[in-house]
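S.K.: I would like the atomic coordinates for the input below:
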Amino acid sequence: MKKYLLGMTAIVLAIGFSAFTKPAPKAKTTDTFYLFSFKSTVNPAIQANVQSTSSYTFVRALGSEDAICDQGTIKPCEIAVNQLDTKVVNGATVIDPAKVSIAAALGTSSFYVVTSLTATNTLPATPVFNKSTN
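M.R.: Predicted structure coming up:
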């Protein structure tokens with residue numbers, strides 16, 4: 001009987017210890033942001049053009065390189081959105097209009113500039129880049 005008691009104790013302890021082990025922590029996911037440039041063929045003097053997601057073309061993933069535009073108020077230039085707010089259409093990465101809304105207002109010239117973005121997923125700290133020169 002002593003043989004069985006020692007074996008049963010070992011089994012109970014093994015089950016008990018495994019029931020209270022801490023689960024492995026989940027890996028943190030980081031957001032990937034894509035940079036889109038305002039198309040030079042689109043007229044920025046029309047507000048609807050600046051607000052249309054189709055007026056922007058994919059440049060690259062936003063990483064250690066900053067945007068090429070500054071924080072001006074003359075012309076629209078670039079916007080950055082979460083990869084999850086994009087989709088692929090005919091092999092091209094585009095902004096999903098169902099997930100991103102672009103607000104625009106008249107800048108300090110006769111052109112409209114992007115004033116803010118609203119998106120389904122997290123936006124980068126600085127999502128809007130307008131030009132400070134023509």
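S.K.: Low-confidence stretches in this structure?
M.R.: Applying pLDDT under 70 to the chain flags residues 1-29, 63-68, 70-72, 132-134.
S.K.: Quick one: the helices in it, in order.
M.R.: 2-19, 47-51 (DSSP state H).
S.K.: contacting residues for Pro97?
M.R.: By Cβ atoms under 8 Å, 6 or more residues apart in numbering, the contact list for Pro97 reads 52-54. The way it works is simple: take the backbone N, C-alpha and C, and place the C-beta from them, glycine included.
S.K.: burial count for the closest residue to Asn82 other than its chain neighbours?
M.R.: Spatially, and ignoring its direct neighbours in sequence, Asn82 is nearest to Asn121 (3.9 Å; Cβ to Cβ, 6 or more residues apart in numbering). For Asn121, the neighbour count with other Cβ atoms under 10 Å is 14.
S.K.: Ala92 too?
M.R.: Using other Cβ under 10 Å as the criterion, Ala92 is surrounded by 9 other residues.
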